[in-house]
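In: Test case, fold it:
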Amino acid sequence: MESKQGPLRGAVGWPAALCVPLIASAVLAGCAPGPAAKSTGPADAQCAGKARAQVDAAKTAVKFTFEGPAFDASAAKGKTVSWIATTGDLPFTKAVYAGFEAAAEKAGFKVNFFDGRGQTAEQLRGVQQAVAAKSDLIVLQSIAVGLMGDGVDAAHKAGIPIVEAFTTDAGAPTSRGASASVTFSYSKVGKLLAASAAAGSGCRAKAVVINSSDVPVSVPEMGGIKEGFAEFCPATCKLDIRDAAIADWSTKIGPLTQNAVADQDVNWLIPVYDGMVQFATPAVRQANAGDRVKIASFNASPGIVDDLKSGGPFAVDIGAPLGWTGWAIADQSLRILAGAKPVSDERIPLRILDQDNAEDIDFTGAESAMYGGSYQDQYAKLWGLG
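Out: Here you go, the predicted model:
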């Protein structure tokens, strides 16, 4: 992805049905002015109760609900898959790819990893290398297929299928140029983030979202956040949106955070991916806002989610089992390599992890300690390897 920093955005447009009062005084285009936040007594309690019910339901252990269909994966043995990562140094990338590698070993296909370093030109070079190496399949991780135009054309001419990962919302059509997709329900993630802030503030959240608009799935996640605040507390919660491109996280998120929490009424900060939290948390503390501002994010990345136990501002991390996700990408890849029809949704589960349930979780142990459930044996059975 190009490392271009987007402007700070105190207001963005959305349909009138999703109007949410903003911290900024400007009124959203197409939206009528929202009423000033004021106590509504029982209505606040009803709102918080509704949000809390959704949060509590999402805090329970997950289950394997993907049903296949089963197929014979033996035809994929010995074939090679090239994985092009948006950037290789994120804990999220490392954890998902580790699961993919384990699944590849189980199924007997080879894998090559290429670090796109958060830059479109470098990611395109990775695709071109994979084509030149005559890979049997390419996985584009968090990279929009449309940005890889020449590389995608070359892959198609060589008969190399492409699996896109984390560039669409669950259930959305596969992007043009890709044979299949694997992704999370980012819209649901966004709504759960809004529910967490609403429940945690008694529906009095004054939240600042730090978006990363160069990441394709930020669109459905932001849509879910807006929808959630509009549903739970349209009159009593306020929302402001800032932006930092993924390649600029290390330099931009700290200053963005300090600027946001300088407003003494801000009580929730929502960086849309928890790779941002490592830069946001120190900034909150440096601003002496740790007792006032709570942070909610998504991914539950290893080494980051652990901070839920610190008692600091990081309060909520919505996660999907990342090793499990790597196996899901392997499942979709194997289906294509073996000549089977890809599935429309791998049904990767989500779980809210927070300061309460984190107390009983060993984040340094097996992934199952965080999420419950099992998946390796179930996938192996679907592949005819069980």
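
In: Would you enumerate the residues in contact with residue 251?
Out: With Cβ atoms under 8 Å, 6 or more residues apart in numbering as the criterion, no residue contacts residue 251. Yep, even glycine has a C-beta here, placed from its N, CA and C like the rest.

In: Can you name the element that comes right after the host helix or strand of it?
Out: Residue 251 is located in helix 249-261, with elements delineated by DSSP states H and E. Once helix 249-261 ends, the next helix or strand along the chain (criterion: DSSP H and E) is strand 268-271.

In: End to end on stretch 157-164, go ahead and measure it.
Out: One end of stretch 157-164 to the other measures 18 Å (Cα to Cα, to the nearest Å).

In: er, stretch 131-151 actually
Out: Terminal residues of stretch 131-151 are spaced 8 Å apart (Cα to Cα).

In: how distant is that stretch from the center of its chain?
Out: Chain-centre distance of stretch 131-151: 21 Å, with Cα atoms, centre = their mean, to the nearest Å.

In: ditto for stretch 134-154
Out: With Cα atoms, centre = their mean, you get 20 Å for stretch 134-154.

In: and if you look at stretch 109-119?
Out: Using Cα atoms, centre = their mean, the offset of stretch 109-119 from its chain centre is 19 Å.

In: go on, stretch 198-213?
Out: Remark: stretch 198-213 is offset 17 Å from the chain centroid, using Cα atoms, centre = their mean.

In: which residues of the stretch 251-386 of the chain fall in helices?
Out: 277-286, 322-337, 368-371, 376-382 (DSSP state H, counting those that start in this stretch).

In: Reformat the ones you listed as a markdown table; add distance to residue 113.
Out: As requested, the helices of the stretch 251-386 of the chain are arranged in a markdown table below (distance: least, Cβ to Cβ, whole Å):
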| stretch | distance to residue 113 |
| --- | --- |
| helix 277-286 | 23 |
| helix 322-337 | 12 |
| helix 368-371 | 24 |
| helix 376-382 | 21 |
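
In: tell me the most buried of those helices?
Out: Counting by mean count of other Cβ atoms under 10 Å, helix 322-337 has the highest mean neighbour count of these, with a mean of 25.

In: Now that one - C-alpha only, PDB.
Out: Output in PDB follows, covering the C-alpha atoms of helix 322-337 (Å, rounded to 0.1, in the frame of the first residue of the first chain):
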ATOM      1  CA  LEU A 322      -5.700 -16.300  14.200                       C
ATOM      2  CA  GLY A 323      -4.100 -19.700  13.900                       C
ATOM      3  CA  TRP A 324      -7.600 -21.000  13.100                       C
ATOM      4  CA  THR A 325      -7.900 -18.300  10.400                       C
ATOM      5  CA  GLY A 326      -4.600 -19.500   8.800                       C
ATOM      6  CA  TRP A 327      -6.200 -22.900   8.500                       C
ATOM      7  CA  ALA A 328      -9.300 -21.400   7.000                       C
ATOM      8  CA  ILE A 329      -7.200 -19.700   4.300                       C
ATOM      9  CA  ALA A 330      -5.500 -23.100   3.700                       C
ATOM     10  CA  ASP A 331      -8.900 -24.700   3.400                       C
ATOM     11  CA  GLN A 332     -10.000 -22.300   0.700                       C
ATOM     12  CA  SER A 333      -6.600 -22.600  -1.100                       C
ATOM     13  CA  LEU A 334      -6.800 -26.400  -1.000                       C
ATOM     14  CA  ARG A 335     -10.200 -26.500  -2.500                       C
ATOM     15  CA  ILE A 336      -9.000 -24.500  -5.500                       C
ATOM     16  CA  LEU A 337      -5.700 -26.500  -5.800                       C
END
